[in-house]
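> Provide a 3D model corresponding to the input given below.
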Amino acid sequence: MLRKIRIVVAALFFVLITLLFLDFTGALHTWFGWMAKIQLLPAVLALNVAVIVGLAVLTLLFGRVYCSVICPLGVFQDIVSWISGKRKGKKNRFGFKKEIKWLRYGMLVLFIVLMILGLNAIALLIAPYSAWGRIATSLLTPVYGWVNNLLAAISAHFGSYAFYPTEVYMKSLPVLIVAAVTLIIIVILAWRGGRTWCNTICPVGTTLGLLSRFSLFRPVIDTDKCVNCSLCGKRCKASCIDTKNHRIDYSRCVACFDCIENCSSGAIRYRIACGKHQSAAAHKMPDQVGHDVKVGHDEGRRAFIAGTALVAGAVTVEAKKKKLAEGVAKLQDKQIPPRTVVPVPAGAVSRKNFYSHCTACQLCISECPNDVLRPSARLATLMQPEMAFEKGFCRIDCNRCSAVCPTGAIRLVESAADKSAIQIGHAVVIPENCVVNRDDVNCGNCARHCPTGAITMVPKEDNDKRSVPAVNAEQCIGCGACEFHCPARPVSAIYVEGHEVHKER
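From the prediction side, this is the model:
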């Protein structure tokens with residue numbers, strides 16, 4: 001029964017967290033955004049004491065339930081391992097392996113040191129929640145968008161607008177490569193060794209493993225009932241059951257309850273225990289104790305199949321881009337201007353605060369309705385979001401990125417009035433790029449679309465029939481509306497230069 005419950009809850013967490021990255025409407029975050037905020041690393045970076053204490057207490061009570069239920073990357077490894085076990089002759093493919101302490105704790109120390117030194121871009125390569133966010137955003141989101149666009153085309157054909165098309169494009173080649181390589185490595189490790197990633201590389205797994213050694217409830221082997229069939233060890237994807245000595249390494253046990261279900265003699269029970277290692281023979285408890293929770297031999301596989309089906313349904317994704325109408329020329333794509341300081345979203349407070357708290361999970365990027373946020377390709381901030389205005393601008397009435405950020409890298413901006421008072425940067429004019437100077441035509445797009453009135457058109461010195469833009473830096477908030485609407489190609493005649501520390505106007 002416990003295994004069934006664990007599988008169902010894990011499937012729900014996995015599907016809903018994945019959908020948080022895929023859903024471009026933002027509707028799911030109203031109900032399930034909290035699932036991102038209870039991930040351990042985001043909670044630590046946000047200094048969310050309630051979540052940190054809650055997860056620590058959960059682990060001290062029930063073991064590494066977080067790894068088998070809440071962590072999407074952990075659940076994904078279970079799915080891959082389960083599929084691998086369906087191969088002929090591979091059902092009982094595991095066995096006890098000693099803990100590789102130097103690698104396990106070395107990776108944890110390295111992760112902490114890199115975070116302290118501010119090298120987050122490197123450290124976050126192995127952060128589980130961030131890794132799954134990049135996989136979902138870079139690899140699954142395009143498929144989700146294509147399927148959505150296909151459904152939009154079909155519904156429009158029948159006069160329905162239940163779906164609307166969305167643009168599908170590659171936001172960052174480096175992040176796509178990182179996500180693909182991470183996925184390949186994790187799939188290979190899970191296919192061959194189950195929870196190898198969790199118990200050798202993952203810093204969150206190692207941290208929780210330090211607490212789970214002392215968990216109150218844990219699987220316990222009763223040596224009087226054990227028939228030494230070794231089936232529990234052969235089915236343990238964490239490779240933490242020493243069947244010869246009837247011992248379990250609780251620092252690596254992820255509380256999946258597979259061993260309990262597969263024990264034909266009922267020798268393993270999930271019960272109250274104490275100490276780092278515990279067997280029923282070493283610390284005997286009567287069978288009558290009311291704390292014993294026996295997991296029966298049920299058909300939990302059916303529940304796992306149902307959970308996998310939910311995942312497959314969630315990953316139905318994107319269709320074709322809309323073709324331009326015949327006879328309409330395609331505009332030349334804009335290029336990113338050479339900014340000295342790349343702007344970061346309102347609510348970030350400063351670039352230093354933003355990048356020191358950001359986990360590069362890509363959640364804000366997937367949620368940005370205006371395609372302003374992109375993964376950085378710069379080495380120092382690799383995979384972390386930065387702002388660009390070739391495909392849209394940051395609207396004053398939008399606070400989606402600050403509402404979904406689980407780490408506090410982007411603090412919540414409550415209203416449009418609050419956002420319009422925050423200066424994330426200022427506009428800079430490149431006179432030689434302006435079509436007024438270059439093509440001798442009238443324009444004024446930048447001034448017309450400026451939401452704060454920071455741009456005015458002033459007569460040219462040599463020709464009072466034409467006007468060129470002038471920027472009031474004190475009035476400008478750096479929203480990028482001017483840069484986006486500028487008709488100059490390939491580089492806009494006006495662009496946003498970011499501020500290291502945000503100001504209030």
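
> domain assignment for this protein?
Listed by automatic domain parsing, the domain ranges of the chain are 2-151+163-311, 351-504.

> so how many other residues sit close to residue 408?
Residues within reach of residue 408, counting by other C-beta atoms under 10 Å, total 22. Every residue, glycine included, has its C-beta placed from N, CA and C.

> tell me which element residue 334 is part of?
Counting by DSSP states H and E, no helix or strand carries residue 334.

> Now for it: which residues touch it?
By C-beta atoms under 8 Å, 6 or more residues apart in numbering, the contact set of residue 334 is 390, 489, 490, 491, 492.

> Mark which of the residues you listed are buried, thanks.
Buried members of the contacts of residue 334, scored by 16 or more other C-beta atoms under 10 Å, are 390, 492.

> about what we covered before: and of the domains of the chain, who's closest to residue 335?
Shortest distance between residue 335 and the domains of the chain, using C-beta to C-beta, is found for domain 351-504: 4.4 Å.

> any idea of the mean pLDDT in the closest one?
In this model, domain 351-504 has a mean pLDDT of 93.

> now do stretch 53-73
96.

> Show me the contact partners of that stretch.
6, 9-10, 13-14, 17-18, 35, 38-40, 43, 74-75, 78, 128-129, 131-132, 186, 195, 197-198, 202, 204-205, 208-209, 211-212, 214-218, 250, 253-256.

> Of these, just the buried ones, ChimeraX syntax please.
Command for ChimeraX that selects the buried part of these, burial taken from 16+ other C-beta under 10 Å:
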select :6,9,10,13,14,17,18,35,38,39,40,43,74,75,78,128,129,131,132,186,195,197,198,202,204,205,208,209,211,212,214,215,217,218,250,253,254,255,256
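
> Now do the contacts for the residue nearest to residue 477 when sequence neighbours are not counted.
Nearest non-adjacent residue to residue 477, counting by C-beta to C-beta, 6 or more residues apart in numbering: residue 423, 5.1 Å away. Applying C-beta under 8 Å, 6+ apart, we find residue 423 in contact with 476, 477, 478, 499, 502, 503, 504, 505.

> mind running it again at 10 Å?
Contacts here follow C-beta atoms under 10 Å, 6 or more residues apart in numbering; on that basis residue 423 touches 343, 346, 452, 454, 473-479, 499, 501-505.

> give me every residue that touches the residue nearest to residue 400 when sequence neighbours are not counted.
Counting by C-beta to C-beta, 6+ apart, residue 367 is the residue found nearest to residue 400 once chain neighbours are left out, at 4.8 Å. Applying C-beta under 10 Å, 6+ apart, we find residue 367 in contact with 20-21, 23-26, 28-29, 33, 137, 373, 398, 400-401, 403-405.

> Okay, residue 367 and residue 204: tell me how far apart.
Distance from residue 367 to residue 204, counting by C-beta to C-beta, to the nearest Å: 23 Å.

> What of residue 148?
Counting by C-beta to C-beta - residue 148 and residue 204 are separated by 32 Å.

> same deal with residue 272?
Distance, residue 272 to residue 204, using C-beta to C-beta: 26 Å.

> do the same with residue 213
Residue 213 is 16 Å from residue 204, by C-beta to C-beta.

> Can you verify my assumption that residue 249 contacts residue 242?
Yes. Counting by C-beta atoms under 10 Å, residue 249 does reach residue 242; the two are 7.4 Å apart.

> Settle it for me: which of these two has more neighbours?
residue 249 (22 against 17).

> contacting residues around that one?
96-99, 199, 209, 212-213, 236, 238-242, 276-277.

> Select only the buried ones of those residues in ChimeraX?
Here is the ChimeraX command that selects only those of those that count as buried (16+ other C-beta under 10 Å):
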select :96,97,99,199,209,212,213,236,238,239,240,241,242,277
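
> Sort out for me which of the contacts of residue 249 are in strands.
Within those, residues falling in strands by DSSP state E are 241, 242.

> closest to residue 116 among the contacts of residue 249?
Once C-beta to C-beta is applied, the member of those that ends up nearest residue 116 is residue 209, at 21.2 Å.

> ok, and the closest non-adjacent residue to the closest one?
Nearest non-adjacent residue to residue 209, counting by C-beta to C-beta, 6+ apart: residue 251, 3.8 Å away.

> pLDDT score for that neighbour?
95.

> one step back: which of the contacts of residue 423 count as buried?
343, 346, 452, 454, 475, 476, 477, 478, 479, 499, 502.

> Would you agree residue 138 falls within a strand?
No. Applying DSSP: H, G, I helix; E, B strand; the rest coil, one finds residue 138 to be helix, outside a strand.

> burial measure for it, as a count.
Neighbours of residue 138 (other C-beta under 10 Å): 28.

> Now for it: which residues touch it?
Residue 138 is in contact with 21, 170-180, 182-183, 362, 365-366, 375, 383, counting by C-beta under 10 Å, 6+ apart.

> For the residues you listed, which PyMOL command selects only the ones that are buried?
Selection of the buried residues among those in PyMOL, burial being defined by 16+ other C-beta under 10 Å:
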select buried, resi 21+171+172+175+176+178+179+182+183+362+365+366+375+383
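
> Okay, and which of the contacts of residue 138 map to helices?
21, 173-180, 182-183, 365-366 (DSSP state H).

> what helix or strand is the closest residue in space to residue 128 that isn't next to it in sequence on?
Nearest non-adjacent residue to residue 128, counting by C-beta to C-beta, 6+ apart: residue 73, 4.1 Å away. Element membership of residue 73, judged by DSSP H and E, is helix 72-85.

> For that helix, buried residues please.
In helix 72-85, counting by 16+ other C-beta under 10 Å, buried: 72-82, 84-85.

> Which residue ranges of the stretch 351-500 of the chain form helices?
Using DSSP state H, counting those that start in this stretch, the helices assigned to the stretch 351-500 of the chain run over residues 351-357, 363-367, 400-404, 416-420, 435-438, 445-449, 481-485.

> Can you add distance to residue 336 and give the ones you listed back as CSV?
Converted to CSV, the helices of the stretch 351-500 of the chain look like this (distance: least, C-beta to C-beta, whole Å):
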stretch, distance to residue 336
helix 351-357, 17
helix 363-367, 16
helix 400-404, 19
helix 416-420, 23
helix 435-438, 19
helix 445-449, 17
helix 481-485, 10
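
> between those, which one is nearest to residue 52?
helix 351-357 (14.7 Å).

> Buried ones in that closest one, by neighbour count?
Buried residues in helix 351-357 (16+ other C-beta under 10 Å): 351, 353, 354, 355, 357.

> I'd like to know which elements that helix is packed against.
helix 40-45, helix 120-123, strand 385-387, strand 494-504 (3 or more C-beta pairs under 10 Å, 6 or more residues apart in numbering; DSSP states H and E).

> for these, which one ends up most surrounded?
Each of those was scored by mean neighbour count; the highest is strand 385-387, a mean of 26, by mean count of other C-beta atoms under 10 Å.

> burial count for the closest residue to residue 437 other than its chain neighbours?
In space, not counting the residues next to it along the chain, residue 437 is nearest to residue 431; the distance is 5.8 Å by C-beta to C-beta, 6+ apart. Counted with other C-beta under 10 Å, residues neighbouring residue 431 total 13.

> about what we covered before: please check the contacts of residue 367 and keep the buried ones.
Using 16+ other C-beta under 10 Å, the buried ones in those are 20-21, 23-24, 26, 28-29, 33, 137, 373, 398, 400-401, 403-405.

> Return the member of these nearest to residue 120.
Scanning the buried ones among the contacts of residue 367 for proximity to residue 120, where the rule is C-beta to C-beta, the winner is residue 405, at 14.7 Å.

> ok, now which ones touch the closest residue in space to the closest one that isn't next to it in sequence?
Setting aside the residues directly before and after it, residue 405 is nearest to residue 364 in space (C-beta to C-beta, 6+ apart), at 5.7 Å. Applying C-beta under 10 Å, 6+ apart, we find residue 364 in contact with 345, 358, 372-373, 384-385, 400-406, 409-410.
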